[in-house]
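# Sequence first, predicted model second:
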Amino acid sequence: MVRQILKEYNVKGGKMDQHFLIDAAALDEIIDAARLEPADIVLEIGGGIGNLSERIAPRVSKLIIIELDPQMVRVLKSRLSVYENIEIIQGNVMDIDLSKLQFNKIVANLPYSISSDVTLKFLQHKFDLAVLMYQYEFAQRLTADSGGKDYGRLSVHVQYKTDASLILKVPKESFEPAPKVDSAVIQLIPRPASYAVEDEKFFFAVTKALFSQRRKKIKNTLLGSPLKSEIPDLKDVLDNLSDQPLDNSLVSNALQNKTVGDLLSMRAEELSPADIAYFSNLLYGKKSK
Ligand SMILES: C[S@@+](CC[C@H](N)C(=O)[O-])C[C@H]1O[C@@H](n2cnc3c(N)ncnc32)[C@H](O)[C@@H]1O
């Protein structure tokens with residue numbers, strides 16, 4: 001079906017991250033995961049030839065599609081003309097102010113070159129649920145637990161804001177043209193974190209600093225990081241906190257009965273998002289405001 005459409009409209013794909021999902025079962029699973037309701041307003045990034053869009057539009061009150069490629073916009077307009085509830089915006093999602101659009105769900109087979117930036121952009125907005133296709137390795141990073149190589153800054157950021165689950169692995173053969181790598185569908189459900197963060201901006205800055213040198217011990221990483229510009233006497237602050245016991249009720253199993261000094265001699269990937277929030281709150285108290 002999708003191959004036929006590509007032929008009919010003479011769409012080759014390959015440029016602008018254009019890999020079209022041809023597996024109907026995978027398309028249906030994406031739709032199921034979005035738990036679409038008649039009142040939903042869905043934002044789709046990269047409509048392509050409309051293979052996801054045509055499954056979304058009949059089930060919701062409105063579908064807003066942002067698509068970069070004018071050729072794809074023409075195909076979308078031609079193929080989806082029967083639906084009166086679709087708004088197509090031609091442009092780069094990274095240049096579009098999403099706060100000007102009203103939507104409560106996001107469904108997209110994303111352009112992989114902007115995976116990180118567009119995900120962080122989504123997380124600045126309010127929405128109920130997102131179902132997003134990523135490159136498989138990237139999807140693993142989003143859902144990774146602390147302790148492994150996939151766990152990093154992005155995992156902390158995404159898991160602080162949402163419950164993130166990998167719901168489907170999609171092999172490269174499910175796309176036309178096939179990309180070089182496999183993909184996976186992630187469901188994001190925003191919710192308040194179970195731990196407190198005193199200052200979000202500072203928490204993100206600490207997280208970024210912690211993972212800037214993931215093989216080094218935390219103390220050395222921080223002292224060589226831009227965090228020094230936020231806390232000029234960072235070395236003294238860390239030395240003075242060193243003997244302070246961590247609050248067992250706020251930190252993960254890996255940090256039970258440990259001191260700040262013990263934490264500083266660990267590596268960032270050993271800290272859970274809650275541990276990083278706890279540590280960032282400690283440092284925030286020492287930051288000159
Ligand atoms: C992986 S394809 C997905 C197409 C289709 N939705 C599907 O599932 O088969 C990504 C789509 O995003 C579009 N695109 C690429 N970069 C974009 C950007 N920065 N903003 C909006 N759309 C973009 C491409 O033209 C392409 O149609």
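Yep, it's here. Small disclaimer: the values here were computed from a predicted structure and weren't measured.

# ranges for the helices of the protein?
Counting by DSSP state H, the chain has these helices, from start to end: 2-8, 24-33, 53-56, 70-79, 115-123, 136-143, 153-161, 200-210, 218-223, 227-230, 234-241, 260-264, 273-284.

# which outside residues touch the third one?
When you say that, I think you mean helix 53-56. Residues from elsewhere that reach helix 53-56, judged by CB atoms under 8 Å, 6 or more residues apart in numbering: 27-28, 31, 34, 36, 42, 44, 47, 63, 65, 76, 79-80, 83, 86, 107. The C-beta positions use only the backbone N, C-alpha and C, and glycine is treated the same way.

# With the first one instead?
Counting by CB under 8 Å, 6+ apart, helix 2-8 makes contact with Val11, Lys12, Gly13, Phe20, Leu21, Ile22, Ile49, Asn51, Val75, Arg79, Glu176, all of which sit outside it.

# Relative to the whole chain's centre, how far out is it?
Distance, stretch centre to chain centre, for helix 2-8: 31 Å (CA atoms, centre = their mean, to the nearest Å).

# Let me know whether it sits next to the ligand.
No: against the ligand, helix 2-8 shows no contacts by CB under 6 Å from any ligand atom, the least distance being 7.1 Å.

# Kindly report the residues of the stretch 1-150 of the chain close to the ligand.
16-21, 45-48, 51-52, 66-69, 72, 92-94, 109, 111, 114.

# 8 Å - rerun?
2, 13, 15-22, 27, 44-53, 66-69, 72, 91-94, 108-114, 118, 133 (CB under 8 Å from any ligand atom).

# Out of the helices of the chain, the one nearest Ile186 is which?
Ile186 sits nearest to helix 136-143 of all the helices of the chain, at 5.1 Å, using CB to CB.

# buried ones in that closest one?
Buried residues in helix 136-143, counted by 16 or more other CB atoms under 10 Å: Tyr136, Phe138, Ala139, Gln140, Arg141, Leu142, Thr143.

# Just give me the neighbour total for the residue lying closest to Lys235 once chain neighbours are set aside.
Among residues not flanking Lys235 along the chain, Leu223 sits closest, at 6.0 Å (CB to CB, 6 or more residues apart in numbering). Residues near Leu223, counting by other CB atoms under 10 Å, number 15.
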